[in-house]
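Student: pasted the sequence and its predicted model underneath.
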Amino acid sequence: MKKIWWKENVIYQIYPRSFNDSNADGIGDLRGIIEKLDYIKDLGVDIIWLGPSFKSPNDDNGYDISDYYDIMDEFGTMADFDELLEGLHSRGIKLLMDLVVNHTSDEHNWFEESRKSKDNPYRDYYCWKPPAADGGPPNNWISFFAGSAWEFDELTGEYYLHLFTKKQPDLNWENPKVREEVYKLMRFWLDKGIDGFRMDVIPLISKRLDFADGEVSNFTNLIANTYSNGPRVHEFIHEMHQEVLQHYDIMTVGEGPGITKEIGNLYVGESRKELSMIFHLDHMFMDYGDKGKFYPKPITLPNIKKIFNEWDEATGEDGWVSIFLDNHDFARIVSRFGNDKEYRKTSAKMLSILLLTLRGTPCIYQGSELGMTNVNFDSIEDYRDVETLNLYEEAKANGEDMEAFMKAIHEKGRDNVRTPMHWDDSENAGFTKGTPWIKLNPNYPEINVEEALADSNSIFYFYKKMLAFRKEHSTFVYGKYKDLDPSHEKIYAYRRSDENKTFVVVLNFSSETVDFKLPEYYGGLELCISNYDIIDNGDLENIKVMPWEGRIYLKK
Ligand code: NOJ
């Protein structure tokens with residue numbers, strides 16, 4: 001397998017709006033991040049993925065860009081950006097920016113021009129269609145964020161496509177001028193010295209030009225078969241590689257809604273010359289009901305393992321993925337996969353073992369290193385996320401059971417991960433001296449950076465230890481992965497091995513003590529890492545794995 005820095009590094013995702021506010025306007029900003037660079041360095045990560053920071057009216061918190069060449073007013077100035085980049089590089093940390101080019105804001109000058117007339121030079125920058133025979137939208141496509149994916153524009157009597165909100169019109173990648181504009185803006189940022197891009201919904205850029213109806217009764221299928229992996233997607237990404245990416249020593253990670261394991265390597269196979277890696281979303285979408293994320297189905301540990309196992313096998317020696325267990329769009333890692341009540345600390349530590357020892361480039365979301373949890377706001381008024389609010393309104397209009405819907409928001413809503421970072425136990429957790437743009441999680445007096453740094457047994461120090469441990473053992477980067485007991489309902493046990501070393505990882509995904517018979521290597525294992533102080537390391541043929549315990553053994 002090819003050895004390269006971006007397989008060895010670990011990413012830390014910053015959602016700037018919620019990280020640290022330096023100017024008391026209630027919104028996190030770039031200078032706020034600059035103030036915390038030593039904290040990030042101390043944790044031991046290598047790369048920052050900075051959420052979208054370009055000019056934006058913030059209908060979708062920056063994922064709606066109105067100017068790709070400037071910084072969002074709330075986040076600061078280009079000078080602040082340059083200082084941030086310099087501050088990261090001087091600490092040996094790289095920077096990825098969020099490339100959002102499936103769509104722009106409707107306030108982008110291209111769209112403002114485009115909507116003016118059918119013969120405007122920018123008309124073809126977007127996807128315009130005449131109404132269907134009945135005057136309705138051109139097809140049955142629905143937006144990720146509720147309602148039709150088409151918006152009628154009175155001025156020219158046509159509909160434009162928006163797979164996200166109506167303020168996020170989809171670009172028309174068929175138009176070579178659009179592609180040129182994208183390559184140009186990419187060069188602008190790369191020439192400033194950034195180290196790569198996280199590419200927002202990149203498999204969505206090539207549209208199916210017959211615009212045929214899709215299977216709207218199952219949202220996951222609709223994404224995979226109708227919105228994602230369009231006929232020219234590989235041609236476009238390959239062209240981007242030829243025109244831009246290959247000329248820089250950088251990495252790219254594509255967000256992969258709709259990319260299945262069968263076709264993953266078409267995006268990331270080495271010979272393809274497309275992307276360095278993708279975030280596949282199977283373990284994030286696995287509990288979506290037919291109508292999407294707010295109609296969740298239960299998940300089991302064997303389901304989760306199956307996804308990781310199949311992806312690992314499918315990418316093999318040729319492709320590469322990023323491993324993540326939460327980000328700014330999904331529930332908190334410890335609330336979703338662990339036990340955020342009586343075993344919060346223990347399960348958060350155990351999950352860090354999983355995150356940092358599967359095969360792929362790990363991506364840690366801000367606050368996971370503190371064990372931050374989901375937030376359960378009682379009232380919909382306290383939510384800010386456009387997806388949550390739109391889908392709530394839609395459900396209400398449909399007369400659905402709103403108590404169940406609110407429960408689903410508590411479990412799955414994006415604001416769970418967007419409440420401000422907890423720095424200390426002072427007012428607003430030290431995040432802002434003003435009024436925060438979204439309420440804080442009320443548990444910040446117990447869960448915060450100050451507390452974590454003062455406790456040598458904290459989740460923070462466990463992450464730090466795990467990050468250093470991973471760095472020491474390249475087996476966790478390049479070594480093979482093998483699930484040792486795929487059907488076990490409570491234990492996730494796997495082996496990572498290369499020509500030099502073999503490690504065995506045993507993780508308990510339950511709040512019970514489990515007697516686990518190790519399938520291999522009885523007697524010949526040395527314990528390297530555990531999230532329990534005192535553990536029974538006696539009988540390896542029958543280990544008592546404590547609730548949410550995680551262990552790493554080295555084969556002797
Ligand atoms: C995926 C991003 O992660 C999400 O936050 C955003 O709302 C959509 N893409 C649209 O850009």
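Tutor: Now that the structure is in, tell me what you want to look at.
Student: hmm, residue 349 is touching residue 459, no?
Tutor: Yes - counting by CB atoms under 8 Å, residue 459 is a contact partner of residue 349 at 5.8 Å. The C-beta positions use only the backbone N, C-alpha and C, and glycine is treated the same way.
Student: so the two - more neighbours on which side?
Tutor: The neighbour comparison of residue 349 against residue 459 (other CB atoms under 10 Å) goes to residue 349, with 28 against 25.
Student: that one: what's it in contact with?
Tutor: 459, 462, 531, 550 (CB atoms under 8 Å, 6 or more residues apart in numbering).
Student: for PyMOL, what selects the buried ones among those?
Tutor: Buried members of the contacts of residue 349, identified by 16 or more other CB atoms under 10 Å, are gathered into one PyMOL selection as follows:
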select buried, resi 459+462+531+550
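Student: report how many residues lie close to the one residue in the chain that gets nearest to the ligand.
Tutor: Residue of the chain nearest the ligand, by CB to the nearest ligand atom: residue 63 (3.4 Å). Burial of residue 63 is recorded as 24 neighbouring residues (other CB under 10 Å).
Student: which ones are touching it?
Tutor: So residue 63 contacts 52, 56, 98, 100, 164, 168, 200 (CB under 8 Å, 6+ apart).
Student: of these, list those near the ligand.
Tutor: With CB under 6 Å from any ligand atom as the criterion, the contacts of residue 63 include 100, 164, 200 near the ligand.
Student: I'd assumed residue 142 was in contact with the second one.
Tutor: Spelled out, it's residue 164. No - counting by CB under 8 Å, residue 164 stays clear of residue 142, with 11.3 Å between them.
Student: and these two? Which one has more around it.
Tutor: More neighbours surround residue 164 than the other of residue 164 and residue 142, with 24 against 19 (other CB under 10 Å).
Student: for the most centrally placed residue in the chain, phi and psi?
Tutor: In the chain, the centroid-proximal residue (CA atoms, centre = their mean) is residue 327; its distance is 3.9 Å. Phi and psi for residue 327, reported as degrees, to the nearest 10, are phi -160, psi -160.
Student: for it, what are its contacts?
Tutor: 13, 279, 363, 365, 417.
Student: what distance do you get for it to residue 219?
Tutor: According to CB to CB, to the nearest Å, residue 327 and residue 219 sit 19 Å apart.
Student: same question for stretch 32-48: list its buried residues.
Tutor: So for stretch 32-48, counting by 16+ other CB under 10 Å, buried means 32-37, 39-40, 43-48.
Student: try stretch 364-383
Tutor: Applying 16+ other CB under 10 Å to stretch 364-383 flags 364-377, 383 as buried.
Student: that stretch vs the ligand: in contact?
Tutor: No - using CB under 6 Å from any ligand atom, we find that stretch 364-383 stays clear of the ligand, coming within 11.6 Å at best.
Student: can you give me the end-to-end distance of that stretch?
Tutor: By CA to CA, to the nearest Å, the extent of stretch 364-383 from end to end equals 24 Å.
Student: show me what contacts the nearest residue to residue 56 once chain neighbours are set aside?
Tutor: Leaving out its chain neighbours, the residue that sits closest to residue 56 by CB to CB, 6 or more residues apart in numbering is residue 62, at 4.7 Å. Counting by CB under 8 Å, 6+ apart, residue 62 makes contact with 16-17, 51-54, 56, 72, 98, 100.
Student: again, only this time at 10 Å
Tutor: Listed by CB atoms under 10 Å, 6 or more residues apart in numbering, the contact partners of residue 62 are 15-17, 51-56, 72, 74-75, 98, 100, 105.
Student: do residue 105 as well
Tutor: Counted by CB under 10 Å, 6+ apart, residue 105 has contacts 54-60, 62-67, 111-112, 165, 167-169.
Student: in JSON lines: the buried residues of stretch 32-48, plus pLDDT.
Tutor: Below are the buried residues of stretch 32-48 laid out as JSON lines (pLDDT from 0 to 100):
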{"residue": "32", "pLDDT": "98"}
{"residue": "33", "pLDDT": "99"}
{"residue": "34", "pLDDT": "98"}
{"residue": "35", "pLDDT": "98"}
{"residue": "36", "pLDDT": "98"}
{"residue": "37", "pLDDT": "98"}
{"residue": "39", "pLDDT": "98"}
{"residue": "40", "pLDDT": "98"}
{"residue": "43", "pLDDT": "98"}
{"residue": "44", "pLDDT": "98"}
{"residue": "45", "pLDDT": "98"}
{"residue": "46", "pLDDT": "98"}
{"residue": "47", "pLDDT": "98"}
{"residue": "48", "pLDDT": "98"}
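Student: return the residues of the protein in contact with the ligand.
Tutor: 60, 63, 100, 164, 200-201, 255, 328-329.
Student: among these, which ones are buried?
Tutor: In the residues of the chain next to the ligand, the ones that pass as buried (16+ other CB under 10 Å) are 60, 63, 100, 164, 200-201, 255, 328-329.
Student: now, those residues that are in helices?
Tutor: Using DSSP state H, no member of these sits in helices.
Student: joint contacts of residue 349 and residue 459?
Tutor: Among the neighbours of residue 349, those also in contact with residue 459 (CB under 10 Å, 6+ apart) are 334, 371, 531.
Student: tell me which element the residue nearest to the last one when sequence neighbours are not counted falls in.
Tutor: Beyond its immediate neighbours in the sequence, the residue positioned closest to residue 531 (CB to CB, 6+ apart) is residue 349, lying 3.8 Å away. If you go by DSSP states H and E, residue 349 is part of helix 344-357.
Student: now do residue 343 against residue 488, distance only.
Tutor: Distance from residue 343 to residue 488, by CB to CB: 19 Å.
Student: residue 110 now?
Tutor: From residue 110 to residue 488 the distance is 53 Å (CB to CB).
Student: looking at these two, which one has more neighbours?
Tutor: Each of residue 110 and residue 488 has its neighbours counted (other CB under 10 Å); residue 110 has more, 21 against 17.
Student: show me the buried residues of stretch 32-48 that map onto strands.
Tutor: 47-48 (DSSP state E).
Student: tell me which of the buried residues of stretch 32-48 is nearest to residue 503?
Tutor: The shortest approach to residue 503 among these belongs to residue 44, at 19.3 Å (CB to CB).
Student: quick one, what contacts that closest one?
Tutor: Applying CB under 10 Å, 6+ apart, the residues near residue 44 are 10, 12, 369, 463-468, 470-471.
Student: write the ChimeraX selection for whichever of the residues you listed are buried.
Tutor: Buried members of the contacts of residue 44, defined by 16+ other CB under 10 Å, are picked up in ChimeraX with:
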select :10,12,369,463,464,465,466,467,470,471
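Student: surely residue 264 and residue 281 touch.
Tutor: No - look at residue 264 against residue 281 with CB atoms under 10 Å: they stay out of range, at 11.3 Å.
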